[in-house]
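Q: structure for this input, please:
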Amino acid sequence: MAKLIIPLTAFILPMKKQGQMRLVKMTLNNWIMIHGMRAGRMIANKRKHQIQAKIMPLVDQAMVDGLAPIGANNKFKFDWYLPDRRTDLDNWTFTHKFIFDAFQASSVRGQVFMTNDNLNFVVATYDDFRGIDKDNPRVEIDWSQSHD
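A: Predicted coordinates:
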């Protein structure tokens, strides 16, 4: 089983909200709000790339440290350690999209970390709320090849 840890700060971006710059968690509710704005699709795409840019160096370093690329037929388990109870788990789990896209964009020495996130590579995802960790909010991702 392989493992990667992503701090939840990777999903927090500065955004103008109510006329002021604030740090905003890019969860499903905020994603929906962005899409309702003028030029929402372009803004959302920019935010997605900003988040990926925070995750990709973590993946690249893990590969340099010996983490093998992800092959076919994997089950992914996401253990969530949240900073507080203000955001529901279903809003956080939406970030799977950003994580899997960053996995596909990461490569070291020409070796891509994850070729695709389609059903040939991701056959299951599981999410567990593991508690509150104000000092180190994170998602710990484990995966293993499915033998079903």
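Q: sec struct for Asn118, please.
A: Taken by DSSP: H, G, I helix; E, B strand; the rest coil, the conformation at Asn118 corresponds to coil.
Q: quick check: longest strand in this protein by residues?
A: strand 122-132 (DSSP state E).
Q: so the helix or strand following it versus strand 122-132, what angle?
A: Proceeding N to C from strand 122-132, the next assigned helix or strand is strand 138-145, under DSSP states H and E. Relative orientation of strand 138-145 versus strand 122-132 (axes from the mean of the first three to the mean of the last three C-alpha atoms, to 10 degrees): 150 degrees.
Q: so what are the sheet partners of strand 138-145 and their directions?
A: Strand 138-145 pairs in its sheet with strand 2-7 (antiparallel), strand 74-82 (antiparallel), by DSSP bridges.
Q: quick revisit: restricting to C-alpha, output the longest strand of the chain in CSV.
A: C-alpha atoms of strand 122-132 as CSV (Å, rounded to 0.1, in the frame of the first residue of the first chain):
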residue,chain,number,x,y,z
VAL,A,122,-9.5,4.5,-10.0
VAL,A,123,-12.0,1.7,-9.2
ALA,A,124,-13.0,3.0,-5.7
THR,A,125,-12.7,5.9,-3.3
TYR,A,126,-13.3,5.8,0.4
ASP,A,127,-13.4,8.8,2.8
ASP,A,128,-13.0,8.8,6.5
PHE,A,129,-13.3,11.7,8.9
ARG,A,130,-10.4,10.9,11.3
GLY,A,131,-10.8,13.9,13.6
ILE,A,132,-9.8,17.5,14.2
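Q: tell me who's in contact with the residue lying closest to Asp84 once chain neighbours are set aside.
A: With sequence-adjacent residues excluded and distances taken as C-beta to C-beta, 6 or more residues apart in numbering, Asp84 is closest to Ile132, at 6.4 Å. Where C-beta positions appear, they are placed from N, C-alpha and C, glycine not excepted. Ile132 makes contact with 81-85 under the criterion C-beta atoms under 8 Å, 6 or more residues apart in numbering.
Q: tell me where the model's unsure across the protein.
A: 1, 148 (pLDDT under 70).
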